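Participant: show me how the following folds:
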Amino acid sequence: MSEIGSAPSVLDAIDSALAHTKRICFGPFDVNKWFTLGFCAFLAALGQGGGTTGGNPFGGSTRSDVTDRWVPWVTSHLVLVLGIFAVVLVLGTALWALFLWLGSRGEFMFLEGVLKNRGAVSEPWNRYRDPGNDLFKLRFVIGLIGLGAFLLVLAATLVLAWPAIRSEAFTGRAVAAVVFGACVLVPLAFAFLLLQLAIRDFVVPIMYRRGAPATAALMAFRDEVLRGRVGSFLLFYGMFIVLSIAAGILMVIGMCITCCVAALPYLSSVVFLPVFVFFRCYSLTFLQQVAPEWTLLPPEGALAPLVAVEAPALGPTPPAADDPGPPAGEAGPPEASPPEPPPPPVEPG
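Facilitator: Predicted coordinates for the structure are as follows:
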């Protein structure tokens, strides 16, 4: 178990992450690795977010049209509305689960690609089937709990505000509903967001390091990494937000320069691969400051990733050039006598 020591440094993590990003992406530049590792980054990103919808769901209807036409229609067809909402919720959850399943496997593929400085798809995809499925189950359960809590708070908010909605007046109940929803939903969403980020940034590397199940790795993160360092990790994610904003600005500029070609799915992961590699290394270099056990990246400046030590060759090991031999007065190992020559052939009489 890791002992509580000095607090990890965010600035040191940023410097190390920049050095590793330069080594992986540009030392030397390999276009094949960019496309392959970019695909792994694309898979990993599938489980980290979803699409957004915009616009007015009521088309060009004004507030008066909504209250005069839609509210009475919804109340008179409440069963149909709830049925449509349930179907959309189920389909949306199924699509989200598919992306989350792909992303969970992609997390390990991208992590290994960064650690080993290589791009591979088919072999790690098959090898990380079980860890990916285990990670998917954990993230899916946490996501369902968060979705259930969100719907429960939203329903309570609507029930509290429904009389004000029916009367078309911003009364005290409407104010109470807004305050209740904001005070509960915002901290709840923030807590679940931090949990999902911690799973991606730290639990996945712990699973990779120890070969542990997802729940055991989550408990190890809580007990061995997070305990006594909550402030440092909050600072880590505070800097993460700042860096994400800066990276988002750079990516928008790159999309504009390429006429939105760099915004296409998968191509965006290839074009902006250094951004994805940097954020993956940022959490790894921060984690390795906690204890030497969590060091996964090779030392800075190394040209090759950490590799397994080959097994020694079979047979006796030759002595070193400066081996002084056995001490004086002690007999060394007996030398093998040369083999006897074969007997001469017998000539026929």
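
Participant: pull the contacting residues for the most centrally placed residue in the chain.
Facilitator: The centroid of the chain falls nearest to Arg200 when counting by Cα atoms, centre = their mean (3.2 Å). Counting by Cβ atoms under 8 Å, 6 or more residues apart in numbering, Arg200 touches 48, 107, 283. Yep, even glycine has a C-beta here, placed from its N, CA and C like the rest.

Participant: tell me the one among these nearest to Leu82.
Facilitator: Nearest to Leu82 out of these is Gln48 (Cβ to Cβ; 30.6 Å).

Participant: what pLDDT does the closest one get?
Facilitator: On pLDDT, Gln48 comes in at 78.

Participant: can you get me a residue count around it?
Facilitator: For Gln48, the count of nearby residues is 15 (other Cβ atoms under 10 Å).

Participant: so where do the helices sit in this protein?
Facilitator: 10-26, 31-46, 63-65, 71-76, 78-116, 122-127, 129-167, 172-198, 204-210, 214-220, 230-257, 267-271, 273-287 (DSSP state H).

Participant: as CSV, the contacts of Arg200 with distance to Ala262 would be great.
Facilitator: As requested, these are exported to CSV (distance: Cβ to Cβ, whole Å):
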residue, distance to Ala262
Gln48, 19
Glu107, 23
Ser283, 24
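
Participant: closest to Phe276 out of those residues?
Facilitator: Among those, and counting by Cβ to Cβ, the member closest to Phe276 is Gln48, at 10.7 Å.

Participant: wait, Ser269 sits on Phe276?
Facilitator: Yes. Contact criterion Cβ atoms under 8 Å: Ser269 and Phe276 qualify, at 6.3 Å.

Participant: any common contacting residues for these two?
Facilitator: Common neighbours of Ser269 and Phe276 (Cβ under 8 Å, 6+ apart) are 38, 41, 45.

Participant: of those, buried ones?
Facilitator: 38, 41, 45 (16 or more other Cβ atoms under 10 Å).

Participant: could you report the distance from Trp162 to Val88?
Facilitator: Trp162 sits at a distance of 21 Å from Val88 (criterion: Cβ to Cβ, to the nearest Å).

Participant: neighbour-wise, which of those two wins?
Facilitator: Legend: neighbour count by other Cβ under 10 Å for Trp162 and Val88, higher for Trp162 (14 against 10).

Participant: what about the closest residue to Gly38 other than its chain neighbours, distance to Val186?
Facilitator: With Cβ to Cβ, 6 or more residues apart in numbering as the criterion, Gly38 has its nearest non-adjacent residue at 3.5 Å, and that residue is Val270. Plainly put, Val270 is 36 Å away from Val186 if you go by Cβ to Cβ.
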